[in-house]
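Q: how does the following fold in three dimensions:
(2 chains)
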Amino acid sequence: MNSQLQSLVRGAEGRYFHADERRALLTQAASLPARFQAADQVQEHEDVIVQAVIEAMQQRYPESSAIKGPALAKTQNDVQLVLRFNVQAMILDHMRWLDEKVLFWLRTVLAAGNFSPKFSRDCFTLLRDQVAKHTSPQTAALLQPYLDRNIEVLSELPEPAATSA
Amino acid sequence: MDLWRQDQQELEMEANTEGLLLKGNYFGEPGYIEHDLRKGTMQNRAGVRMLALTDDFLLAFCNSLEGQMGDRALPVLKATGREWGRKAAEQFAAQMQQHFGKALLDLPMAMFSANLAQAFEHHGWGTFQFGFSRYDRGLLTVEVETPMLGASVRQGGQPVETLLAGFLSGMFSVFSGTELDCLQTDCFSCGADRSRFVITVPERLQPLAGHGRKNHADVLAALEQTRV
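A: Down below sits the predicted model:
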């Protein structure tokens, strides 16, 4: 349940829902089929989307150790993980859940791995762009706030002393 | 991640993702801590019973120990922290293995560091940053913003986080498979911007035990001159 609905429920403690509160809950429930449809589209195209991101990053950063050798699989996993959590957060309509469950943690992992802010910004901007390319406009629109949030949080990295990427 | 083997020239920091389960933050809410209201208990995700303590308790505990035991309080606090840290390290390793599908020692270093920082953060200990850049010289550093004790006491002239120093020494002794010690070098309660610690083998820290007014940078410089 997203934080807005959680606030709504907390505010209604000890009484029945008012008409406008019921409408908000029912509207949220009614949007679920479209959200699951969007999720299905992303799932169907996940491999193509992630591969496209990696290939584009390999072209932009040909010397980066993060996208070749043993580290390539880790970077691929990170992109895949973020995309899956984006879809879950979209279904739940819960941005804070995305922050708590993956973005703030992954930011720490990337910083510890000496990733540069630019590398991270480029990678997750490509993710947003590839999702838009391989899914319908409606799906891309539903996911855009979460894809934008990836870029915002994951590019807030300190400049590393020595870069992996 | 065997940091302390004499014959090891380089620490392997390459990511090793074979068999790594695609999982997010183990400590991310909601779901890390659950309450059983019928029993009045609180458990973490691994089923370990937890208890919420305020900094009032910590202050009372430390002050009472000092009042009752004088100079002997610090070794008791250090030993308490050390035993606690050992247990915490064992639990952390088990939780990470269960969550990510790989032994803690086989996780990429960046994930180990990030997960450990998240563990401290989600238990309310402050924001931790682990420094491995001097591992080849047998030194680890830890920086803590808003440390649980250092941020709660009045400003004074002495480091106050002996419990945490003990905790870190016990914890990293388990991780490394070697007995390590930890010295607090900067203290938030002494006016530093954050608390800092250095972890290494005890023989290197013993000469610096009463390091007086030496700050973190000076202690590191002195340690880098020593070898065991």
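Q: show me the shaky parts of the chain.
A: Going with chain A. Residue ranges of chain A with pLDDT under 70: A:1, A:161-165.
Q: look at chain B instead
A: Scanning chain B for pLDDT under 70 picks out the ranges B:1-16, B:150-156, B:210-213, B:227-228.
Q: contact residues of it facing chain A?
A: Residues of chain B lying close to chain A (Cβ under 8 Å from any Cβ of the partner chain) are B:14-18, B:20, B:22-25, B:27-30, B:108-111, B:113-115, B:117-118, B:130, B:133. (Glycine included, C-beta is placed from N, CA and C.)
Q: and these, which are buried?
A: B:15-17, B:20, B:24-25, B:27-28, B:108-111, B:113-115, B:117-118, B:130 (16 or more other Cβ atoms under 10 Å in any protein chain shown).
Q: filter these down to the ones in strands?
A: By the criterion of DSSP state E, membership of these in strands covers B:Phe130.
Q: how is chain A carved up into domains?
A: With domains defined by automatic domain parsing, chain A comprises A:1-30, A:33-154.
Q: the first one: which residues count as buried?
A: Read that as domain A:1-30. A:Leu5, A:Leu8, A:Glu21, A:Leu25, A:Gln28.
Q: before we move on, what SS does residue 66 have?
A: I'll assume chain A. Secondary structure, DSSP: H, G, I helix; E, B strand; the rest coil: A:Ala66 is helix.
Q: what does A:Thr75 give?
A: Put simply, A:Thr75 is helix when judged by three-state DSSP.
Q: wouldn't it be in contact with A:Ile54 here?
A: Yes - between A:Thr75 and A:Ile54 there is a contact under Cβ atoms under 8 Å: 7.0 Å.
Q: quick one, which of these two is more surrounded?
A: Between A:Thr75 and A:Ile54, counted using other Cβ atoms under 10 Å in any protein chain shown, A:Thr75 has the larger neighbour count: 28 against 18.
Q: mind listing what the more buried one touches?
A: A:Ile54, A:Met57, A:Ala66, A:Ile67, A:Cys123 (Cβ atoms under 8 Å, 6 or more residues apart in numbering or on different chains).
Q: now those in CSV, with distance to A:Thr139?
A: Listed next are those as CSV, based on distance: Cβ to Cβ, whole Å:
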residue, distance to A:Thr139
A:Ile54, 21
A:Met57, 23
A:Ala66, 28
A:Ile67, 26
A:Cys123, 21
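Q: farthest pair within the residues you listed?
A: Greatest spatial distance in the contacts of A:Thr75: A:Ile54 and A:Ala66, 10.1 Å, computed using Cβ to Cβ.
Q: so what sits against both of the two?
A: A:Leu72, A:Thr75.
Q: how about stretch A:129-142: buried residues?
A: For stretch A:129-142, by 16+ other Cβ under 10 Å, it's A:Asp129, A:Gln130, A:Val131, A:Ala132, A:His134, A:Thr135, A:Thr139, A:Ala140, A:Leu142.
Q: hang on, the earlier thing: the contacts of A:Thr75: which ones sit near chain B?
A: Okay, of the contacts of A:Thr75, nothing touches chain B (Cβ under 8 Å from any Cβ).
Q: top of the residues you listed by number of neighbours, please.
A: Highest neighbour count within the contacts of A:Thr75, by other Cβ under 10 Å: A:Cys123, with 28 neighbours.
Q: what's the closest non-adjacent residue to that one?
A: Spatial nearest neighbour of A:Cys123, chain neighbours left out: A:Met57 (5.7 Å); criterion: Cβ to Cβ, 6 or more residues apart in numbering or on different chains.
Q: up against chain B, what does chain A have?
A: Within reach of chain B by Cβ under 8 Å from any Cβ, chain A has these residues: A:69-71, A:73-74, A:77, A:80-81, A:84-85, A:97, A:100-102, A:104-106, A:108-113, A:161.
Q: now, these that are in helices?
A: Mapping these onto helices (DSSP state H) picks out A:70-71, A:73-74, A:77, A:80-81, A:84-85, A:97, A:104-106, A:108-112.
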